[in-house]
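Trainee: Sequence and predicted structure are below.
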Amino acid sequence: MATIELRQVAKKFGDVYAVKPLDLTIADGEFVVLLGPSGCGKTTTLRMISGLEATTSGRILIDGKDVTWKHPSERDIAFVFQLFALYPHMSVRQNIEFTLEAQNVSPAERTQRVGDVAKLLEIEHLLAQRPGGLSGGDRQRVTLARALVRRPAAFLMDEPLGALDADFRHTMRAEIKRLHLAQHATTVYVTHDQIEAMAMSDRIVVMSAAEVQQVGTPHEVYHDPANLFVARFIGSPGMNLAPGKMADGHLLLAGGHRYLIPAQWRGTLSQVAGGEVILGFRPEAATVSDGGSLAAEVYANDLHGAYAVLHLSLDGENPETVVHVRADRFAHYPIGQSVRFDLNPDMVRFFDPNSGRALRTQ
Amino acid sequence: MTAFPADSTGRQGQRQISDRAIKWIFITPTLILLILLNIFPLFYSLYLSFTDFSAITKDPPVWVGFANFGKLLNDPQMWKYFATTGRFAFLSVGLQTLIGFGMALILREKFNGSGIVTTLILIPMMLSPVVVGLFWKLIYNPSFGIFNYLLGYTSPVGAPDWLATGNLALWAVVITDVWMWSPFVMLLCLSGLNAIPDYLYEAAAIDRASSWFQFRRITLPQVMPLLLIAVLFRTIEAFKSFDLVMGMTGGGPGDATELVAVNLYRMAFQGQWRTGQASALAYIVLIVIIAISNVYIRNLNKIREG
Ligand SMILES: Nc1ncnc2c1ncn2[C@@H]1O[C@H](COP(=O)(O)OP(=O)(O)OP(=O)(O)O)[C@@H](O)[C@H]1O
Ligand SMILES: [Mg+2]
């Protein structure tokens, strides 16, 4: 097992940064997820760690040793590719065995180890088949088996569940997490699915446009987004963001609503030049109640099963002023009706509209 | 006259030929040529192989049953020609495979001008075998040919006369054939190599496989189907080899390069005009080629499946 350290690691294709200089230290046994929209540089980062892609600048250390210029085969790292890269001309057994054979592991031990992972991943009955005929889920298991059979210093996984259907993703997600807990292997896992990231990771690295936006635990990333991008990107729907202007202890929102700034924020907000801030809150930070201090009009109403999400417009029909709040699934909210709600003062956040950064209480 | 009737006659004119008719109009000339030049001779020569027909006499063919086949198969000289052909095929296809595959491995790496080099290498394949035979004759010429010079002989004295020396002549033909046809093997191998997806090599690098291990376990099995097709084509051609050898040695010296096809030509058209017997020989060659092809194709299918 190993630690992985990236120091100012960057990658340029031509003149364009695919990954801007990035610092990241991954502890031994940690499960880190790289999360971000398509094209933000997740795969490139992972490929640089693996050595499949040369870095443009910066240094990569695995277990404290500089491997920046080492060939992938010298890094003792297993890689699960975005598209299952199985050798089409070999049986499942040969696919799993390939790496052991390449490292001259004795046939007896090979059989033993292949048998062990096959049992672990429940693919014993597939060993004689060719990968071409397998279902997506089975292929994914074989790909994992190929990585696991090596007992490498670290695992790199590039959207290993991306091609599976939702139901199976769920199962495999749990399986990967269980495997991780059992083996306690350092893992860097790439996904653009935030639910996956939340469910599996010890820490999430949120990336966008070749840049790291925030590194934090799922809890931090969700509740204390570092900037507007993370606030919008994490959560479904994302954090509600309502621009406002400060006026005598209140925030003046669209539609003329006045929001009383919670006591713990007054000091911080009073120092904001110009007095313009963006109020952020999660749908579950709002409680619908007749005596609520804020009022809005029902714009739309989604039933999510266990609860309903109300789309409330602060300013009449203007869709740009819609915020989402969580509400009781049994209550009936016709479109156009006025609804009052309160915000939990511990769960509101504020952002600087110019830099996009989150403000912190002092 | 209004435009309307003109328009309608125009349309009628188009309708006079149906799609079906157009198909037939296009196909018929080819079909006639094919039947006259391929199908008919195929069956006519099969018939002739069972007769004593000779194309320069006026005698009608007389049925002789398997006499032609019996005579050919009992002729030790004929077995020798087959052996020579087999040796020629083995050496020339073997070398073409090695050299062609080797060149493909080199040209697979993209370097400055690799496109041009590939095109240049393909030129020999596009030349006419008779022309190739003629200028290689000059290259092998013991007094002014460049071949011996390149081997280090500075004077014709004591230098080998490749085409006139019994055990060298076959090699000379093999070398020429290899020069001409290795590019063909290279071309097929190159397309096979280029079709191997990069991710297999990336996966192998991650799997800590050495270059040699990657070559053995990924490259080779992946190009094998195309390599086998190249070998199959070349083997069939080698067994039919005629023009190159005819142009270079005419089967000589003695019968050192007398391939079956050369002998067949002699039997059918030079002096003897034994058309019936030559047809029988042609059929024997055909059967041999079909047999060999079958072995290859079976192997090919085995590789494809597992
Ligand atoms: N070999 C390459 N040559 C040029 N540009 C590249 C190359 N590989 C990636 N890029 C570019 O770098 C950027 C980051 O790509 P990358 O594959 O790392 O994104 P990603 O976050 O993995 O996206 P996805 O979720 O779609 O897999 C993209 O804009 C991509 O077009
Ligand atoms: Mg990717």
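Mentor: Looks like it came in fine. Numbers count the residues shown, from 1 in each chain, chains lettered A, B, ... in the order given. Ligands and ions are numbered 1, 2, ... in the order given.
Trainee: What lies in contact with the helix or strand encompassing residue B:47?
Mentor: When elements are assigned from DSSP states H and E, residue B:47 belongs to helix B:40-48. Helix B:40-48 is contacted by residues B:61, B:275, B:276, B:279, B:282, B:283 when judged by CB atoms under 8 Å, 6 or more residues apart in numbering or on different chains. Every residue, glycine included, has its C-beta placed from N, CA and C.
Trainee: all strands for the stretch 201-350 of chain A, in order.
Mentor: Under the criterion DSSP state E, counting those that start in this stretch, the stretch 201-350 of chain A carries strands at the ranges A:203-208, A:211-216, A:240-247, A:250-252, A:258-260, A:276-281, A:286-288, A:294-303, A:308-313, A:322-327, A:338-343, A:348-351.
Trainee: looking at the ones you listed, which is closest to chain B?
Mentor: Nearest to chain B, of all the strands of the stretch 201-350 of chain A, is strand A:203-208, at 21.5 Å by CB to the nearest CB.
Trainee: Now do the closest one: everything it contacts.
Mentor: Strand A:203-208 is contacted from outside by A:24, A:30-37, A:40-42, A:45, A:197-198, A:212-218, A:221, A:229-230, A:233-234, using CB under 8 Å, 6+ apart.
Trainee: That one pairs with which strands, and in what direction?
Mentor: strand A:31-35 (parallel), strand A:211-216 (antiparallel) (DSSP bridges).
Trainee: if you compare the ones you listed, which one is most tucked away?
Mentor: strand A:31-35 (a mean of 25; mean count of other CB atoms under 10 Å in any protein chain shown).
Trainee: Now do the helix or strand following that one: distance to the chain's middle.
Mentor: As assigned by DSSP H and E, the chain's next helix or strand after strand A:31-35 is helix A:42-50. How far helix A:42-50 lies from its chain's middle: 16 Å, per CA atoms, centre = their mean, to the nearest Å.
Trainee: Alpha carbons of helix A:42-50, as CSV, please.
Mentor: Provided in CSV are the C-alpha atoms of helix A:42-50 (Å, rounded to 0.1, in the frame of the first residue of the first chain):
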residue,chain,number,x,y,z
LYS,A,42,-10.1,13.6,-14.6
THR,A,43,-8.8,10.9,-16.9
THR,A,44,-5.7,12.9,-17.7
THR,A,45,-4.9,13.3,-14.0
LEU,A,46,-5.3,9.6,-13.5
ARG,A,47,-3.3,8.7,-16.6
MET,A,48,-0.5,10.9,-15.3
ILE,A,49,-0.5,9.1,-11.9
SER,A,50,-0.3,5.8,-13.8
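Trainee: Can it be said to contact ligand 1?
Mentor: Yes: Helix A:42-50 reaches ligand 1 (CB under 6 Å from any ligand atom) through A:42, A:43, A:44.
Trainee: Any stretches of chain A with poor pLDDT?
Mentor: Chain A contains residues with pLDDT under 70 at A:1.
Trainee: show me where it has helices.
Mentor: Using DSSP state H, the helices of chain A run over residues A:42-50, A:92-102, A:107-120, A:136-148, A:166-183, A:194-200, A:218-223, A:228-233, A:263-270.
Trainee: got a list of contacts for the fourth one?
Mentor: If I follow you right, that is helix A:136-148. For helix A:136-148, using CB under 8 Å, 6+ apart, the contacting residues are A:78-81, A:84-86, A:92, A:95-96, A:98-99, A:114, A:117-118, A:120-123, A:126, A:131, A:134, A:155, A:157, A:160-161, A:163-165, A:168, A:172, A:176, A:179, A:183, B:207.
Trainee: give me that answer again for 7 Å
Mentor: Contact with helix A:136-148 is made by A:78, A:80, A:84, A:86, A:92, A:95-96, A:99, A:117-118, A:121, A:123, A:126, A:131, A:134, A:155, A:160-161, A:163-164, A:168, A:172, A:179, as judged by CB atoms under 7 Å, 6 or more residues apart in numbering or on different chains.
Trainee: distance between it and the chain's centre?
Mentor: Counting by CA atoms, centre = their mean, helix A:136-148 comes out at 22 Å from the chain centroid.
Trainee: what's the angle between it and helix A:92-102?
Mentor: For helix A:136-148 against helix A:92-102, the angle by axes from the mean of the first three to the mean of the last three CA atoms, to 10 degrees is 20 degrees.
Trainee: Pull up the per-residue confidence for residue B:12.
Mentor: pLDDT for residue B:12: 51.
Trainee: With residue B:246 instead?
Mentor: So, for residue B:246, pLDDT stands at 88.
Trainee: rewinding a little: buried residues in the helix holding residue B:47?
Mentor: Neighbour-count burial for helix B:40-48 flags B:45, B:48 (criterion: 16 or more other CB atoms under 10 Å in any protein chain shown).
Trainee: Touching the next helix or strand after it from outside, list them.
Mentor: Counting by DSSP H and E, the next helix or strand C-terminal to helix B:40-48 is helix B:67-73. The contact list for helix B:67-73, computed with CB under 7 Å, 6+ apart, reads B:49, B:78, B:276, B:277, B:280, B:281, B:284.
Trainee: Out of the residues you listed, the closest to chain A would be?
Mentor: residue B:284 (37.9 Å).
Trainee: before we move on, which element is that closest one in?
Mentor: Here residue B:284 is assigned to helix B:275-305, by DSSP H and E.
Trainee: Which neighbouring elements make contact with that helix?
Mentor: Counting contacts by 3 or more CB pairs under 7 Å, 6 or more residues apart in numbering or on different chains; DSSP states H and E, helix B:275-305 is packed against helix B:40-48, helix B:67-73, helix B:220-240, helix B:260-269.
Trainee: Pull the distance from the first one to the chain's centre.
Mentor: Relative to the chain's own centre, helix B:40-48 is displaced by 23 Å; criterion: CA atoms, centre = their mean.
Trainee: and among the helices of chain A, the most buried is which?
Mentor: Comparing the helices of chain A by mean count of other CB under 10 Å gives helix A:42-50 as most buried, with a mean of 24.
Trainee: tell me the angle of that helix relative to strand A:211-216?
Mentor: 80 degrees.
Trainee: tell me which parts of the stretch 251-362 of chain A are close to ligand 1?
Mentor: Counting by CB under 6 Å from any ligand atom, no residue of the stretch 251-362 of chain A sits close to ligand 1.
Trainee: Okay, now the unreliable bits of chain B?
Mentor: B:1-15, B:306.
Trainee: in it, which residue is closest to the centre?
Mentor: residue B:237 (2.4 Å; CA atoms, centre = their mean).
Trainee: how many neighbours does the closest residue in space to residue B:72 that isn't next to it in sequence have?
Mentor: In space, residue B:72 comes closest to residue B:78 once its chain neighbours are excluded; the distance is 5.3 Å by CB to CB, 6 or more residues apart in numbering or on different chains. When neighbours are counted by other CB atoms under 10 Å in any protein chain shown, residue B:78 registers 17.
Trainee: Now residue B:78: which helix or strand?
Mentor: Using DSSP H and E, residue B:78 falls in helix B:76-108.
Trainee: Identify the residue of the stretch 51-200 of chain B closest to ligand 1, quick one.
Mentor: residue B:198 (10.4 Å; CB to the nearest ligand atom).
Trainee: quick one, phi/psi of that residue?
Mentor: phi -60, psi -30 (degrees, to the nearest 10).
Trainee: likewise the one 10 residues further on?
Mentor: Reported as degrees, to the nearest 10, the phi and psi values for residue B:208 are phi 70, psi 30.
Trainee: and the gap between the spatially closest residue to it that is not a sequence neighbour and ligand 1?
Mentor: Leaving aside its sequence neighbours, residue B:208 sits nearest to residue A:73 (CB to CB, 6+ apart; 4.2 Å). To ligand 1, residue A:73 is 20 Å away according to CB to the nearest ligand atom, to the nearest Å.
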